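> Here's a sequence, model it:
(one chain, ligands or ions: 1)
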Amino acid sequence: MSDEPHILTESHGGVAVIRINRPKVLNALNLTLMTDLADMMEAHDADDSISVILLAGSERAWAAGADIGDMTTASVSDMASRDQFAQWERIKRIKKPIVAAVSGFALGGGCELMMHCDVIICSENAKIGQPEINIGVMPGAGGTQRLTHAVGKALAMDVVLTGRFLSAKEALAHGLVSRVVPREHWFSEALNVAQVMASKPAIALRSAKESVLKANELPLTQGLEYERKLFYMLFDTEDQKEGMAAFVEKRKPSFTGR
Ligand code: CO8
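As a prediction, the model looks like this:
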């Protein structure tokens, strides 16, 4: 067992960068890593100096899935008692935007973790898929649901039932990732995007994330009502006053996050 931390973190202004660091297993996700990831994200969510979380893997692998070694001989009750999905639920509840910097393999749980992120910046070398079918199971952390919402039934069935990998180009064409960038810029471009977002008014940023996510959960009429309420609430923020005054006065706004 290596003593290297399996998660590394650093901050760039209002952007907290978290890097998954298990290179020997292509960043396979185990329970300890997922627990630490959720702990760290919650800490950043509660930290007023952070506006955006940037989650990155390595150039070779974002994450090649859940750690297969941990599951090989597991029984139903082993899997249920580990309750790994509790950590995924915690990540789902993070309010600040999460940018994914994806290079290399994003497979199985790795693809599912990528789909928990809000803006996905993807290297042209990425290989994305849900190959669980090849090892006798199926996606379990949202793959059949979020992938289908993102790319539609026909392509989701193709990916989940054959286990094939999507190229970055295909993923972009079908709305699974936000942008594809040249392989040498996979991290720097994601950081640029995160920094642009971090310069925006923080409450509006969080509210906009919340509202877009509701589009996958609510019927249209309820989603529109939800959006409208959040929109009205923003008129109670100092940043709304500042943003609109700055526009009228033809100057750059100075947002405070209040
Ligand atoms: N788990 C554990 N170890 C892994 C994993 C993984 N998912 N992926 C790669 N590794 C290890 C390999 O065993 C290998 O180790 P070693 O050097 O000791 O032999 C090392 O990483 C490098 O891998 P390869 O030699 O295989 O590298 P290649 O470039 O030849 O192939 C691949 C790369 C295509 C990514 C290949 O490693 C592969 O197919 N990996 C498995 C992908 C996969 O099936 N992922 C799905 C896993 S199941 C899952 O994610 C279910 C999620 C459910 C929710 C989670 C909560 C429980």
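> contacts, neighbours, all on C-alpha from now
Noted.
> Near the ligand, which residues of the stretch 101-250 of the chain? Just list them.
By the rule Cα under 6 Å from any ligand atom, the part of the stretch 101-250 of the chain lying against the ligand is 105, 107-109, 131-132, 139-141.
> which residues of the protein fall in helices?
31-45, 76-82, 85-92, 109-116, 143-151, 153-162, 168-173, 186-198, 202-214, 220-233, 238-248 (DSSP state H).
> just the ones you listed: most buried one?
helix 109-116 (a mean of 25; mean count of other Cα atoms under 10 Å).
> okay, the angle between that helix and helix 85-92?
Here helix 109-116 runs at an angle of 30 degrees relative to helix 85-92 (axes from the mean of the first three to the mean of the last three Cα atoms, to 10 degrees).
> going forward, begin numbering at 57 instead of 1
Sure, I'll start numbering at 57, so the last one becomes helix 165-172.
> tell me the mean pLDDT over helix 165-172?
Averaging pLDDT along helix 165-172 yields 98.
> ok, now stretch 110-124?
97.
> And for stretch 294-302?
If you average the pLDDT over stretch 294-302, you get 98.
> Now find how far off-centre that stretch is within its chain.
Put simply, stretch 294-302 sits 29 Å off its chain's centre (Cα atoms, centre = their mean, to the nearest Å).
> My read is that Gln296 contacts Leu290, right?
Yes - Gln296 is within contact range of Leu290, at 6.5 Å (criterion: Cα atoms under 8 Å).
> nearest residue to the closest residue to the ligand within the stretch 207-314 of the chain other than its sequence neighbours?
The stretch 207-314 of the chain approaches the ligand most closely through Gly219 (8.6 Å), counting by Cα to the nearest ligand atom. In this structure, Gly219 finds its nearest non-sequential neighbour in Pro187, 3.9 Å apart by Cα to Cα, 6 or more residues apart in numbering.
> what's the neighbour count on the one you found?
Per other Cα atoms under 10 Å, the neighbour tally for Pro187 reads 24.
> I'd like the helices of the chain as CSV, with distance to Gly121 appended.
CSV is the format used below for these (distance: least, Cα to Cα, whole Å):
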stretch, distance to Gly121
helix 87-101, 12
helix 132-138, 16
helix 141-148, 13
helix 165-172, 4
helix 199-207, 11
helix 209-218, 14
helix 224-229, 17
helix 242-254, 20
helix 258-270, 24
helix 276-289, 32
helix 294-304, 40
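> do you know which of those helices lies nearest Gly313?
Of all these, it is helix 258-270 that lies closest to Gly313, at 4.8 Å by Cα to Cα.
> Next, the angle from that closest one to helix 276-289.
On the basis of the same axes, to 10 degrees, helix 258-270 is oriented at 180 degrees to helix 276-289.
> Contacts for helix 258-270, please.
Outside helix 258-270, the residues that touch it by Cα atoms under 8 Å, 6 or more residues apart in numbering are 107, 151-153, 174, 253, 279, 282-283, 286, 290, 293, 313-314.
> that older thread, mean pLDDT lowest where, among the helices of the chain?
helix 132-138 (a mean of 89).
> Can you check what pLDDT the model gives Glu60?
At Glu60, pLDDT is 80.
> cool, Met57 as well?
pLDDT, Met57: 47.
> before we move on, back to that, got JSON lines for the contacts of helix 258-270, with distance to His62 too?
Shown next, in JSON lines, are the contacts of helix 258-270 (distance: Cα to Cα, whole Å):
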{"residue": "Ser107", "distance to His62": "23"}
{"residue": "Lys151", "distance to His62": "24"}
{"residue": "Lys152", "distance to His62": "23"}
{"residue": "Pro153", "distance to His62": "22"}
{"residue": "Asp174", "distance to His62": "23"}
{"residue": "Met253", "distance to His62": "27"}
{"residue": "Gly279", "distance to His62": "38"}
{"residue": "Tyr282", "distance to His62": "38"}
{"residue": "Glu283", "distance to His62": "38"}
{"residue": "Leu286", "distance to His62": "37"}
{"residue": "Leu290", "distance to His62": "38"}
{"residue": "Thr293", "distance to His62": "39"}
{"residue": "Gly313", "distance to His62": "32"}
{"residue": "Arg314", "distance to His62": "35"}
